[in-house]
Structures are given as C-alpha cells and as structure tokens.
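Engineer: Build me a model:
(2 chains)
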Amino acid sequence: MGIINSFLETMADLARESGFAGFIADDGWKNIIMILVSFLFMYLAIAKGFEPLLLLPISFGMLLTNLPFAEMYHPEFWDYIEVEERGGVINDHYIDYGRVLQHGGLLDILYMGVKLQIYPPLIFLGIGAMTDFGPLIANPKSFLLGAAAQGGIFFTFIGAALLGMTAAECGSIAIIGGADGPTAIYVSSRLLSKTDSIGVGTIALAAYTYMALVPIIQPPIMKALTTKKERSVVMGQLRQVSKTEKLIFPVLVTVIISLMVPSAAPLVGMLMFGNLLKESGCCDRIAKTAQNELMNIITIFLGVSVGATTSADKILTISFGKVILLGVIAFSLGTASGVIFGKIMYVATKGKVNPLIGSAGVSAVPMAARVSQKVGQEENPTNYLLMHAMGPNVAGVIGSAVAAGVLLSIIQV
Amino acid sequence: MYELVNALSENVIHGSDSNLSGTTIATVVITGMVVVFIGLILLVLLVMLYGKIFDAVNRKKEEKKNAEAVKVETKPAENVPVVPPAIEEGIEEEVVAVIAAAVEAMSAQSGKKLKLKSVKTVKPQRNPWAAAGIAENTRPF
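Structural biologist: Model (predicted):
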C-alpha cells in the first residue's frame, strides 16, 4: 500500500512540475496561443518560404520560450536596474550580466549577443563580404535613391508618435521601414526596455515578415506612382569599375559615415570591413568564413534568441497590432518615397533614369532590386534593370544604417 | 555634424517619453532626412570625384600602353630579321591568318613560344570512299 501511495504522490509531483500544469496556471492560456502563433510562423517559413533562414529560428525560439517551466529565457533578467557607478553617477540602464551568466538559461546567454549589440554588426560583416558595390560606384547618383527610400523610416515615426507610443517604440517601429533585419534588431534592442509594450522579437518578426512580402507590397505602389512611359525607360550600360576604386570605396564610406554619425559606425564599419575583405582578394579564407560559416552561426544565435523575447505579454497586446499596421505603412512609404525621388531623377536627367529603380532603395537586398527588374520587364521584356537597381539597393543598406545612427543619437536611452 | 544633430534636438528625447509634441516629431523627421541626405550626397560627390580621377588615370595608362605596344611591334623588325613562314602557293591569306592566330592563342595559353613555320596542303593518301569503308568496318561495336 505504501509503495502505491508514494508512487501516486511522485506522479502527482511530476505532473505539478510538468509544463502541462503550467498551461492550466494563471496566464497559461497565453502560452498556448503563443505556441500556436509560433506554429503559424513555422508554417510561413517552411511551406511559404517567408525568409526561412530567419523566420524558422525565430519561430522556434518563440516555441521554446513559451514552454512553461523550461526556463530557457528569463525576461526579468533583462530589466534595467538603477546602480550607482564610480564617481556617484547613477546609471539607470544597468543590466546585471553576472546574474545572467550565473542563473541564465541557454537562450539568455545567446540573447546577450543581441543586447550587447554584437550579432547585427557581425551579420553586416557577412553581408559586406557578399555585396558587390560596383553598380553603386559606377553610378553614384544611386546613393540619392537609397537616401530617399529612408523617408519610410521617418514618416512612420510620425505615425507611431500620433498613435501615442513612446519615443523608443516610435524609433523601433520606424526602423522597420529600413527593410533591414539586423539594423531593426540593432536599434530596437538598444531603445526598448521592459516598460515598453513591444519587444525586440516583435520588431524582428514584423521586419522579416514584411521583407518576405516585398514582392507583394511593392509592385502595386510602383505601378500606381509611375506612367507606362516612365516604366519602359531603358537605361544605358554601366561603366566598368576598376579594382582600385572598389578598394577605396569601403574605406571612404567608413571614414565619412563614422565621422558624421558615430552611432552608425558599428554597422557601417563592419559592413565595409567585410566588403574590403572580399575586394582585397588577399583574404579569401576570411572573406569566405564571414560570408558562410560565421554568418550562419550568427543567424542561428540571433534568430533563436530574438524569438525567445516574444513572450505572450509582448505579442498578445494592441501594440502588436499597431506594429503590424505601422510596419506595412513603413514599407509602403519607403517604396513610395524611393519611386517619387526616382521620378524627380527621371525629370532631371531628361528621361534617362527609370523611376522603378527607386523602390530598390529600401534595402531588402536583393529582393527589392529583383522586384524593380520584374516590374520593368512587364512593360518591356527586353529591359534589364537589375544591375541599375542594385545601386540604390546597396545604397539603401548604407542609408538605413545611417538612419539608425541618427535615431540612436537623437533618442537617448 | 554630430553637434548639429545634438543642437537640432536640444530638448533631448528620452526613450520613455510618450505623447511627443509636434515640434519634437518634426525635429526627428527633419534632422533624420537631412543627415541621411547630407551623408549620402557627400558620398556621391566623393565617389564621382575619384571615379573621374581614375578614369583620367586609366586613360593615360592606356595611351601609354598603346604607345609602348607600337614601339614593341616595331622593335623586332629593326633588330632580328623575321623569317616569313613558307606558304604553299594557292592557299588563301585568310586561311593562313586563321592558322597563325590559332598558333598564337595556343602559345599564349601554354606559355611556350610557338611559331608558324610553313603552311602546306596534305596530299590525300586514300580515296575518301575507301577511307569511309575502312572506318565503317573498324568502328568498335
């Protein structure tokens, strides 16, 4: 009899400690909904091919963090605390990393790379090592289109502010318009704190989902803003760019941008460092590692730990709806301002520039450039805009990094 | 420029501020767009400038190369007497040019210096019909 009793008691204890019990507890139903949401994103990544390399790790991180009692991620470890530092200065944005290392779960440890702003610059290193800035050097005016498309970021800032969000939230939502995942994570992880109603995970989910939807969001806007005549402009061939020019470019951009907007230096600096590794031709081994192994490792860490921040209290809120709404507005406005500036260049160059390449100014490399090519070919099947669109496209990456730097230097944490 | 950013946003915005005023929003938007444009316009100008410099340098280099190439071409004619390849009569000049070009291409590829010495027609050793018959009978299954 005693054996049966103790067996039953042990079983009852196990059941109480199991995750199933967690689902029945107070806010347990929220975790169930979040797990279902993670299934939805897994479906989008696997079956629909929505940026699978990032959405799959993010959605799995989302699943892991919402399993009760698994304790892989502790949101409370990431609250800011007030600490008096040396010299009596009070730092109200102190995170106790010692505590994270002592008691953190796997995802807490991985999330340190996001909070300490390590992963996004390293991803940029890989992107730089994969990017050919040749089309941009051949036609430097493309920089203007890359700048114009950042309008999406700042116009969305207005929208978010009008909805009564905090400055940190406004900046984080606005940066989605840069159509650049690492930049969005970089800015939001710096700005957002626990008191904000949205988290880094929310921003990352919205940014990557909309990046996957670029081929659906952009074409109607591009067609609505341009005439048939403008869309069928055939652009002249780009000039050949010498190796020395390609070598000087990354150094020049790093120096100029870092001096102008120091807070953009980590992103732009690493992007250009990666590019110099590629163009120099003397560091093939390092360049290949940056493009492949390092980039893949960081993508896994970044995805799964950002996914972990999507806890129920950050997603099942009205603010999440606002992020989704403002995110699509940000993408649309970015596309529109790029195309409108393209039209200005069309007029200024007396019809030599096809305004369709303007929409590629919202980074999302190389998807946005491909969209320009596709829409252009619908008007004139022999028109090849791809290389011309790559110019604004890579300029957009630099542009959104600068915009991120500006947001970070204006909004004080 | 950094000072400009800070000066424009004198009333520093804190992340936790909500209900931002119209002036604050306008400051962020205008500063943001202006800084992004100034930065990228600066890059446009610099990239254009060095593009022009490189174009000029490359043109000069090419001109120099062309001049040198002319010199190189004329040099051997002065010093070493060139022995023209023995060309059989009745072979067209175009055919010789094609063969010479092929030899030159091979010599550039292999690194060995090959030279065209003579061009002559090969006398047919066998009646084509007989050759076809032999080929038919000796082709492996």
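Engineer: where's the closest residue to chain B within the stretch 101-250 of chain A, which helix or strand?
Structural biologist: Residue nearest to chain B within the stretch 101-250 of chain A: residue A:168 (3.4 Å; Cβ to the nearest Cβ). For glycine as for every other residue, the C-beta is placed from the backbone atoms N, C-alpha and C. Residue A:168 is located in helix A:167-174, with elements delineated by DSSP states H and E.
Engineer: circling back to that earlier point, surely the residue of the stretch 101-250 of chain A closest to chain B is in contact with residue B:16?
Structural biologist: Yes: contact criterion Cβ atoms under 8 Å: residue A:168 and residue B:16 qualify, at 6.6 Å.
Engineer: who has more neighbours, these two?
Structural biologist: residue A:168 (27 against 15; other Cβ atoms under 10 Å in any protein chain shown).
Engineer: circling back: which residues do residue A:168 and residue B:16 both contact?
Structural biologist: Counting by Cβ atoms under 8 Å, 6 or more residues apart in numbering or on different chains, the shared contacts of residue A:168 and residue B:16 are A:193, A:196.
Engineer: if we can go back for a sec, could you list every helix and strand in contact with the helix holding residue A:168?
Structural biologist: Here helix A:167-174 touches helix A:151-162, helix A:181-191, helix A:318-348, helix A:386-410, strand A:411-412, going by 3 or more Cβ pairs under 8 Å, 6 or more residues apart in numbering or on different chains; DSSP states H and E.
Engineer: I'd like those written out as CSV, with distance to chain B, mean pLDDT and mean neighbour count added.
Structural biologist: Output for the helices and strands packed on helix A:167-174, formatted as CSV (distance: least, Cβ to the nearest Cβ, whole Å; pLDDT from 0 to 100; neighbours: other Cβ atoms under 10 Å in any protein chain shown):
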stretch, distance to chain B, mean pLDDT, mean neighbour count
helix A:151-162, 4, 93, 24
helix A:181-191, 5, 93, 27
helix A:318-348, 9, 93, 21
helix A:386-410, 5, 93, 29
strand A:411-412, 5, 87, 20
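Engineer: how about the ones you listed in TSV, adding distance to residue A:303?
Structural biologist: Converted to TSV, the helices and strands packed on helix A:167-174 look like this (distance: least, Cβ to Cβ, whole Å):
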stretch	distance to residue A:303
helix A:151-162	23
helix A:181-191	10
helix A:318-348	18
helix A:386-410	20
strand A:411-412	26
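Engineer: Now for the most centrally placed residue in chain A: which residues touch it?
Structural biologist: Geometric centre of chain A, nearest residue: residue A:181, 1.3 Å, by Cα atoms, centre = their mean. Counting by Cβ under 8 Å, 6+ apart, residue A:181 touches A:51, A:54, A:123, A:204, A:207-208, A:211.
Engineer: Nearest to residue A:139 among the residues you listed?
Structural biologist: Distance to residue A:139 across the contacts of residue A:181 (Cβ to Cβ) is lowest for residue A:211, with 24.6 Å.
Engineer: And chain A, what are its domain boundaries?
Structural biologist: Domains of chain A are assigned by automatic domain parsing as A:2-78+A:80-107, A:109-410.
Engineer: The first one close to chain B?
Structural biologist: Pointing back at domain A:2-78+A:80-107 there. No: on the criterion Cβ under 8 Å from any Cβ of the partner chain, domain A:2-78+A:80-107 is out of touch with chain B, staying 9.2 Å away.
Engineer: Find the nearest non-adjacent residue to the residue of chain B found nearest chain A, please.
Structural biologist: Using Cβ to the nearest Cβ, the closest approach of chain B to chain A is made by residue B:15 at 3.4 Å. Distances taken as Cβ to Cβ, 6 or more residues apart in numbering or on different chains place residue A:168 nearest to residue B:15, at 3.4 Å, with adjacent residues excluded.
Engineer: again with residue B:50
Structural biologist: The shortest distance from residue B:50 to any non-neighbouring residue, by Cβ to Cβ, 6+ apart, is to residue A:248 (6.2 Å).
Engineer: Flag every buried residue along the helix or strand harbouring that neighbour.
Structural biologist: In this assignment (DSSP H and E), residue A:248 forms part of helix A:243-260. Judged by neighbour count (16 or more other Cβ atoms under 10 Å in any protein chain shown), helix A:243-260 contains these buried residues: A:245-246, A:248-250, A:252-254, A:256-258, A:260.
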